[in-house]
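**Q** just a sequence and a predicted model for now, questions to come.
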Amino acid sequence: MKALTPREASMFACVADTVVAPAGPLPPVRETDTVAFFDDWMARSPALNRIGMRALLYGLELSPLATTARRRLRRLDGAARARWLHAMEHAPSVQVRLVFKLVKGAAQLSYYGDDRVLMLCGYDAEANVRRGRELRAREGRP
């Protein structure tokens, strides 16, 4: 890890796993570069952005403690985590919904950016690059 602590990596993996809920042919988060991508993104981000994202991760991790769940997010079972994150997504507070949307987007970007996941979803980046190069060669462009 370049920017995340092991704890933060675990929190992000938990959120990503719950948000994308991979099933069928899609691999679980632990078998992708989801956390490594997010870590690299964090390492390349300005310090203030890293601090903010860390605060959001810790906020999500600890938020169920303030309710009847009385457990951190990573201590909840999968169904309870999904219910909790669904509640966050539909919270009465606009600020809570926006914060959750930010973390959810980061999780989706990190997961679906994995080459294997892209291939399983039908997107072949290498084939697109190859087609582009062939087209440029045919048209005589550099």
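**A** Received it, and whenever you're ready, just let me know what you need.
**Q** what pLDDT is listed against Ala66?
**A** Confidence per residue is given as pLDDT, and for Ala66 that number is 87.
**Q** what about stretch 131-142, distance to the chain center?
**A** Taking C-alpha atoms, centre = their mean, to the nearest Å, one finds the center of stretch 131-142 at 35 Å from the center of the full chain.
**Q** next one: stretch 22-33
**A** On the basis of C-alpha atoms, centre = their mean, the separation between the geometric centre of stretch 22-33 and that of its chain is 12 Å.
**Q** ends of it, how far apart?
**A** Separation of the first and last residues of stretch 22-33 by C-alpha to C-alpha, to the nearest Å is 14 Å.
**Q** wait, what's in contact with Ser58?
**A** That one is not Ser; residue 58 is Tyr. The contact partners of Tyr58, by C-beta atoms under 8 Å, 6 or more residues apart in numbering, come to Met11. In short, each C-beta sits where N, CA and C put it, glycine included.
**Q** select the longest helix from this protein.
**A** Of all the segments assigned as helix in the chain under DSSP state H, the longest by residue count is helix 94-112.
**Q** tell me the confidence at Pro142?
**A** The predicted local confidence for Pro142 comes out at a pLDDT of 87.
**Q** with Leu135 as the reference, measure out to it.
**A** When C-beta to C-beta, to the nearest Å is applied, the distance between Pro142 and Leu135 equals 12 Å.
**Q** how about Val103?
**A** Spatial separation of Val103 from Leu135 under the definition C-beta to C-beta is 39 Å.
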